[in-house]
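Peer 1: fold the following and give me the result.
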Amino acid sequence: MVDESTHVEHPEEHQEGYLWISDFVYGGIDGAVTTFAVVAGVEGASLSIPIILILGFANLFADGLSMAAGKYSSDKAELEQYKKIREMEYRHLEQFKEHETEEVREIMSEYGFKGQDLENAIRVITSDADKWVDLMMKHEFNLSPENVDPIKGAAVTYLAFILIGLIPLMGYVLNPVLQLERTGIFILTIVSTFIALFVVGAVKSRFTMEKWFIAGVETALIGGAAAAVSYGIGFLLRGLA
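Peer 2: Residues are numbered from 1 along each chain as shown. Here you go, the predicted model:
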């Protein structure tokens, strides 16, 4: 029988494998900002709603695919680099065992191990080649394969880009139902996009030291700045269309 009075839940749970939230957040931010900028630019140029939809959706799917491809290539290169260096370390254990052992000694000394405790730690680590290499990968090269999955990372990035990036276009897509004036549609787009960026930015704070409110406001302001620049350029060049 378990004594419940002595059972203490650990406040943190160790998670292994691919964590998708960070890729979703950054894909969503980029999707909203770039699509919002396209919409603002076309509005600034006073072009028609069909042009907004054509350019908006073309950007949404093409730029989203480009971002996903970049994510896949980056993660794949990172894993390949990790594998190459890891194989090199296994060779070093065989060819330069004394040197590699001294590196373990330096690492464990930095953690405060001394005397016989240090020798015991070195003996335990160097008795298992896999654990030995793991230690060197993390402390000598600062490399870890955690949260790296090229296919899942690309898929989540693309999905987030599309889902969040759709928000700046929804007012124009639904306008036959909403029956708003052109200015009203653009105001609705601005408000909904800023809310979306604020929420995604607040979620982003989970991976930074920022407070959620500051992260949300900062992300919304970045999107607003990009849209303002795009609107201004569209306004200045509106006579060319």
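
Peer 1: helix or strand right after the helix or strand that contains His99?
Peer 2: Secondary structure assigned from DSSP states H and E places His99 in helix 97-110. Scanning forward in sequence from helix 97-110 by DSSP H and E, the next helix or strand is helix 115-126.

Peer 1: buried set for that following helix?
Peer 2: For helix 115-126, the neighbour count (16 or more other CB atoms under 10 Å) marks 118, 121-122, 125-126 as buried. In short, each C-beta sits where N, CA and C put it, glycine included.

Peer 1: rounded mean pLDDT for the longest helix seen in the chain, please.
Peer 2: Longest helix of the chain, by residue count under DSSP state H: helix 49-95. Summarised as a single mean, pLDDT over helix 49-95 is 93.

Peer 1: what is that helix packed up against?
Peer 2: helix 21-44, helix 97-110, helix 129-139, helix 150-165, helix 167-173 (3 or more CB pairs under 8 Å, 6 or more residues apart in numbering; DSSP states H and E).

Peer 1: give the buried residues for the fourth one.
Peer 2: Within helix 150-165, the residues scored as buried using 16+ other CB under 10 Å are 150, 152-165.

Peer 1: distance between that helix and the chain's centre?
Peer 2: 10 Å (CA atoms, centre = their mean, to the nearest Å).

Peer 1: that helix vs helix 49-95, what angle?
Peer 2: Orientation check (axes from the mean of the first three to the mean of the last three CA atoms, to 10 degrees): helix 150-165 against helix 49-95 gives 160 degrees.

Peer 1: show me the contacts for Phe141.
Peer 2: Ile85 (CB atoms under 8 Å, 6 or more residues apart in numbering).

Peer 1: how much space between it and Leu159?
Peer 2: Remark: distance between Phe141 and Leu159 (CB to CB, to the nearest Å) = 32 Å.

Peer 1: Asp63 too?
Peer 2: With CB to CB as the criterion, Asp63 and Leu159 are 14 Å apart.

Peer 1: about what we covered before: closest to Ser48 among the buried residues of helix 115-126?
Peer 2: Ile125 (68.0 Å; CB to CB).

Peer 1: mind pulling up the pLDDT for the closest one?
Peer 2: pLDDT, read off for Ile125, is 90.

Peer 1: how far away is it from Leu93?
Peer 2: Ile125 is 11 Å from Leu93, by CB to CB.

Peer 1: find the residues that touch each one of those two.
Peer 2: Trp132.

Peer 1: for Leu229, which non-adjacent residue is spatially closest?
Peer 2: Let me fix one detail, which is that residue 229 is Val and not Leu. Leaving aside its sequence neighbours, Val229 sits nearest to Ala37 (CB to CB, 6 or more residues apart in numbering; 7.5 Å).
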